[in-house]
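> quick one: sequence plus predicted model below, questions after.
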Amino acid sequence: MTAPEPGGHTLGRWTADHARLTPGKVAVDERGVRTTYAQLDARATVLAERLVAAGYRPGDRIATLTRNSTDHVVLFFACAKAGLVLAPLSWRLSREELAYQLAHCRPALVAVAADLAADVADAHPPAPVVHLGAAGVERAVPAAPAASPRPARPPRDDDPLLLSYTSGSSSRPRGVVLTHANCFWTNLSLSGAAGMTTEDVVLAVLPQYHVGGWNVQPLLAWWRGATVVLEPDFDAGRVLDLLTRHRVTTMMGVPSHYRQIADHPGFGDADLGGLTHMIVGGAPMPAELLRTWHGRGVRVIQGYGLTEAAPNVLLLPPEDAFAHLGSVGKPYPHVEVALADPVTGQRLEGPATGELLVRGPAVFAGYFDDAAATAAALQHGWLRTGDLAARDAEGYFRIVDRLSNMYISGGENVSPAQVEHVLRTHPAVRDVAVVGVPDDRWGEVGHAVVVPTDLTDPPRKDELVEHCRAHLAAFKVPRSVAFVPELPRTALHKVRRAALRPETKEAR
């Protein structure tokens, strides 16, 4: 009998295709070290063969702790070829958080960058540890911890490929399982909305422990045969240099990235002639920041996604940016969305506000080792996002808030995002987040955490409260205000709201 063919949507094929078609084309440029498609595919193939020979089988997890690197890309495609699962963990985690995720995903192997090896050792990994790099995982693959009765076989479309942890901003993070097919379809969707060719040069600065670090441009580039300029971390000055020196055509970032680039002293003189468009996610772009980039001739593609959708869901093209400020657009190709009443679950038609539901082939396979959470998230074929969204008469969507962020004050629902919008209109407020805190009389009341424009001369707290009274119903007005130099955020700019709730009552 001949061995079965691998699935048609498995990602291990991608480097092999371009190693054959454009072997000398640069696939990855990491700080001047260039790796061609022929080299990338050869390294990934050798590593995949050694992992299989050592006893690793489809479904086994390989956890990683590393900044963005070519070695990490090699390991990703080796996993894709061997049917293994890459579980990239954040190098920003505390030792306790890292230990939890290592224990939770039960890796068969842990691959770590040399400069992060001590962090892994302190977390007491439950599996053998090897170092990424030419002298590490590619040359010294240890035998699998336990002899597996499962036979080696080619990967299939429904095999898991990525185990990506949610940000965990308010609770224990969950491991999101994305299959080969999930990654294939989300990249096909991205290609249909923001096409890419072999001539493109992609600047990748999003961390590879986040699904966007793979599925928003880099993987599409390696599917299409483009070049990825890979950065281990974000630095605004270096990004400006790379945009100019490499004639980068496209990149992905969050609003804070583009703000830092625009605020850099070299922004005005930088040659951005190669940059045809950029993608932004994580939050809508402020209007003035949009104007700044459009004024430099750069088209801005905005959108919305979540890890469980691999992540691309909604897209706002550049031509709609100013006509639909605050919107995240309409569904990507191959993605269906709907709104449902968050209490009754009843489907809402036409202009409406409700929980955003997502359906399509990119929606995740489930949460790792958590059947109850998977059943709660996937209902009747739809992914419940937990996001409250508004759809207008033209079919454009706007994210109102997280359902979990909303609080009830005196029996009335309060959306922190609405209160935050009002506070941001005050000239002395640079940034703000509002959370619900317990109150003996009203159940919960609002607590505003404000980053003032001038920290040395902040506005009066009662002034901000009165500003809210002029624009909001009384039950929505925050009862307390605190000033901070910066809001605590995750790596992708999401506010860590759990860290904002005061342990003691704030002064009014």
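Here it is on my side, so go on.

> please count neighbours and contacts with C-alpha atoms only from this point.
Will do.

> and G386, that's in a strand?
Yes: G386: assigned to a strand according to DSSP: H, G, I helix; E, B strand; the rest coil.

> and the pLDDT at it?
G386 carries a pLDDT score of 92 in this model.

> ok, now which ones touch it?
Shown in contact with G386 (Cα atoms under 8 Å, 6 or more residues apart in numbering): E355, L356, R402, L403, S404.

> 7 Å - rerun?
E355, R402, L403 (Cα atoms under 7 Å, 6 or more residues apart in numbering).

> repeat for G303
Per Cα under 7 Å, 6+ apart, neighbours of G303: V280, G281, L314, L315, L316, V328, G329.

> now these in TSV, with secondary structure and distance to P502?
Output for the contacts of G303, formatted as TSV (DSSP: H, G, I helix; E, B strand; the rest coil; distance: Cα to Cα, whole Å):
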residue	secondary structure	distance to P502
V280	strand	32
G281	coil	29
L314	strand	35
L315	strand	36
L316	strand	37
V328	coil	32
G329	strand	36
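
> ok, so of these, who is nearest V363?
L314 (13.4 Å; Cα to Cα).

> can you tell me the closest non-neighbouring residue to the closest one?
Computed as Cα to Cα, 6 or more residues apart in numbering, the closest residue to L314 that is not its neighbour in sequence is P331, at 4.3 Å.

> give me every residue that touches the one you found.
Going by Cα under 7 Å, 6+ apart, P331 touches V313, L314, L315, V337.

> what does stretch 427-441 contact?
In contact with stretch 427-441 (Cα under 7 Å, 6+ apart) are residues 407, 416, 420, 423-424, 444-453, 459, 497, 501.

> try it again at 6 Å.
Applying Cα atoms under 6 Å, 6 or more residues apart in numbering, the external contacts of stretch 427-441 come out as Y407, P416, E444, V445, G446, H447, A448, V449, V450, V451, P452, T453.

> could you list the alpha-carbon positions for that stretch in PDB?
C-alpha atoms of stretch 427-441 as PDB (Å, rounded to 0.1, in the frame of the first residue of the first chain):
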ATOM      1  CA  PRO A 427      -8.800  68.200  26.200                       C
ATOM      2  CA  ALA A 428      -7.000  67.200  29.400                       C
ATOM      3  CA  VAL A 429      -7.500  63.400  28.800                       C
ATOM      4  CA  ARG A 430      -5.000  61.500  26.600                       C
ATOM      5  CA  ASP A 431      -6.300  58.000  27.400                       C
ATOM      6  CA  VAL A 432      -8.800  56.400  29.700                       C
ATOM      7  CA  ALA A 433     -10.400  53.100  30.700                       C
ATOM      8  CA  VAL A 434     -13.600  52.600  32.800                       C
ATOM      9  CA  VAL A 435     -14.400  49.600  34.900                       C
ATOM     10  CA  GLY A 436     -17.300  48.700  37.100                       C
ATOM     11  CA  VAL A 437     -16.500  48.500  40.800                       C
ATOM     12  CA  PRO A 438     -18.800  47.200  43.700                       C
ATOM     13  CA  ASP A 439     -21.100  49.700  45.300                       C
ATOM     14  CA  ASP A 440     -23.400  49.100  48.400                       C
ATOM     15  CA  ARG A 441     -26.200  51.100  47.000                       C
END
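
> next, the buried residues of that stretch.
A428, V429, R430, D431, V432, A433, V434, V435, G436, V437, P438 (16 or more other Cα atoms under 10 Å).

> need those residues in TSV (columns: pLDDT, distance to G273 and secondary structure).
Converted to TSV, these look like this (pLDDT from 0 to 100; distance: Cα to Cα, whole Å; DSSP: H, G, I helix; E, B strand; the rest coil):
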residue	pLDDT	distance to G273	secondary structure
A428	95	36	coil
V429	96	34	strand
R430	93	31	strand
D431	93	32	strand
V432	95	35	strand
A433	94	37	strand
V434	95	40	strand
V435	94	43	strand
G436	92	46	strand
V437	92	49	strand
P438	90	53	strand
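
> so how far is Q39 from H18?
As for H18, its distance to Q39 is 11 Å (criterion: Cα to Cα, to the nearest Å).

> for these two, indicate the residue with more neighbours.
H18 (24 against 19; other Cα atoms under 10 Å).

> so for that one, what's the pLDDT?
H18 carries a pLDDT value of 97.

> for it, helix, strand, or coil?
helix.

> ok, it - contacts?
Under the criterion of Cα under 6 Å, 6+ apart, the contact list for H18 is empty.

> from here on, count from 660
In the new numbering, first residue 660, that becomes H677.

> report the separation between it and G854.
Counting by Cα to Cα, the gap from H677 to G854 is 18 Å.

> and for L878?
13 Å.

> which one's more surrounded, those two?
Higher neighbour count among L878 and G854: L878, with 21 against 14, using other Cα under 10 Å.

> nearest residue to the middle of this protein?
The centre of the chain sits closest to G871, judged by Cα atoms, centre = their mean, with a distance of 4.1 Å.

> what's the distance between that one and H1106?
32 Å.

> what does V1094 give?
In this view, V1094 and H1106 are 5 Å apart by Cα to Cα.

> any residues in contact with both of those two?
By Cα under 6 Å, 6+ apart, no residue touches both V1094 and H1106.

> would you mark the buried spots in stretch 678-698?
678, 681-682, 684-689, 693-698.

> helices of the stretch 860-1009 of the chain, start to end?
Using DSSP state H, counting those that start in this stretch, the helices assigned to the stretch 860-1009 of the chain run over residues 871-874, 877-883, 895-904, 914-922, 946-954.

> most tightly packed of these?
Ranked by mean neighbour count, the helices of the stretch 860-1009 of the chain are led by helix 877-883 with a mean of 24 (mean count of other Cα atoms under 10 Å).
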